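*Asks:* Generate a structure from the sequence data that follows.
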Amino acid sequence: MSLRIENLVTSGTFSLDGGTWEVDNNVWIVGDDDEVVVIDPAHDAKAVAVAVGDREVIGILLTHAHDDHIRAVREFADQVDAPIYLNPADRMLWDEVYPGIAPEGEVGDGDTFEIAGATITALATPGHSPGSTCYYLASEHTLFSGDTLFNGGPGATGRSHSDFGLIIESIQSRLLVLPAGTLVLTGHGDSTSIGAETPHLAEWIARGH
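*Replies:* Model (predicted):
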């Protein structure tokens, strides 16, 4: 079977800097009938495992380590016996949830993961968090943007370990250079495309948050 992309929406909370918010997260399952990678298995490990079924999970790719994205990941990894990959620049956030327990793998800019005959390439896009990473699936003209780029603009940068100028630089230099037809599958909310977001860069900069 050919490669396909599946979406599961899970619900829970996000906590940082003393606040807690209700959030819905997009979980992305990429692969075929035999093997998959899972991007950001948030909130509900059992539901994600059910969606995966009996397929082999060759890797769990994290876009960043805010607790809504990672609080269920160790349980999920144990259920499916798969390694977790995280940019080490986000270890301080990871350690708030899992002190003393490191993820199995590190991911850096340009690292690649092979799945179902296709290649996923990691793009370092700091700003929302220091280690924020997007994953580009060129063969499918698809970007998994985590919380770096949403339908309507950049991810939030008003909290600890975030930087608005840096996220703008990351989006401008790493994401908006991709083909305009690239589908952007986000960490929360509706999908978009590079072409739909590019004309609004100046508005985001003027808005300044």
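
*Asks:* can you tell me which residues contact Asp44?
*Replies:* Residues in contact with Asp44, defined by C-beta atoms under 8 Å, 6 or more residues apart in numbering, are Thr10, Ser11, Gly12, Ala72. Backbone N, C-alpha and C define where each C-beta goes, glycine included.

*Asks:* Just the buried ones from the residues you listed?
*Replies:* For these, a burial check counting by 16 or more other C-beta atoms under 10 Å picks out Thr10, Gly12, Ala72.

*Asks:* Filter the contacts of Asp44 down to just the ones in strands.
*Replies:* Counting by DSSP state E, the part of the contacts of Asp44 found in strands is Thr10, Ser11, Gly12.

*Asks:* what would those residues look like in TSV with pLDDT and distance to Ala102?
*Replies:* Formatted as TSV, the ones in strands among the contacts of Asp44 follow (pLDDT from 0 to 100; distance: C-beta to C-beta, whole Å):
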residue	pLDDT	distance to Ala102
Thr10	98	24
Ser11	98	28
Gly12	97	23
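
*Asks:* related to what we said a few turns ago, quick check: the two most widely separated of the contacts of Asp44?
*Replies:* Greatest spacing in those, by C-beta to C-beta: Ser11 and Ala72 (11.4 Å).

*Asks:* what touches both of the two?
*Replies:* Here Ser11 and Ala72 share the contacting residues His43, Asp44, scored by C-beta under 8 Å, 6+ apart.

*Asks:* Where does pLDDT dip in the protein?
*Replies:* By pLDDT under 70, the low-scoring segments of the chain are 1, 209.

*Asks:* and the residue lying closest to Leu175 once chain neighbours are set aside, what are its phi and psi?
*Replies:* Residue nearest to Leu175 in three dimensions, not counting chain neighbours: Leu149, with 5.7 Å by C-beta to C-beta, 6 or more residues apart in numbering. With angles defined as degrees, to the nearest 10, Leu149 sits at phi -130, psi 130.
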